[in-house]
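Colleague: Please work out how this folds:
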Amino acid sequence: MKEFDKIDNQIVEYLRENGRDRVTEIADELDLNRVTVAQRIEKLVSSGVIEKFTVKLDYESMGLDVLAYVFISFKKTGKTTQEELAHIISKLDGVEEVHIIAGEFDIITKVRAKNLRELGEKVVNKIRGYPGVETTFSHLVFQTIKD
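Modeller: From the prediction side, this is the model:
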């Protein structure tokens, strides 16, 4: 793909908030030609800039009222690498994101649960039990301003 430019950026930002809109609606809103928008979106997809189209969920209406970021310290045990541990954790129900990070902790996860008891079970009984997990530190989210 040629250089990512201002028009590509406008289209991507629009799609982040309005991913279900038709090409004609996007073109009208951005004051661009419909064919140009369609071609740009296709190029953004084929070049890998846009990996997939997805939905944004209302987790509270799904009964998932608790959101926490769980920081994990990795302890090399010989059985598991840090990357393998991250992949194992990523398969746990309710884990939305897993990142290997630099700093005081080695892995950060974004975890959703129905309530604090369920979150505690995931952290204490699941994550802390995986080989390579030395310690965890959980931060509860009170309110999300931008997602």
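Colleague: Give me the residues contacting stretch 107-118.
Modeller: Residues from elsewhere that reach stretch 107-118, judged by Cβ atoms under 8 Å, 6 or more residues apart in numbering: 59, 63-72, 74, 82, 85-86, 89, 92, 94-101, 119, 122-123, 127. C-betas here are computed from N, CA, C, even on glycine.
Colleague: and residue 113, how many neighbours?
Modeller: Neighbour count of residue 113, defined by other Cβ atoms under 10 Å: 21.
Colleague: which SS state does the closest residue to it other than its chain neighbours fall under?
Modeller: Across the structure, with Cβ to Cβ, 6 or more residues apart in numbering as the measure, the residue nearest residue 113 apart from its sequence neighbours is residue 119 (3.9 Å). Counting by DSSP: H, G, I helix; E, B strand; the rest coil, the backbone at residue 119 sits in helix.
Colleague: For the protein, give me the ranges with low pLDDT.
Modeller: Within the chain, the stretches falling below the threshold (pLDDT under 70) are 1-2.
Colleague: how far away is the closest residue to residue 80 other than its chain neighbours from residue 86?
Modeller: Leaving aside its chain neighbours, residue 80 sits nearest to residue 132 (4.2 Å; criterion: Cβ to Cβ, 6+ apart). Between residue 132 and residue 86 the computed distance is 10 Å (Cβ to Cβ, to the nearest Å).
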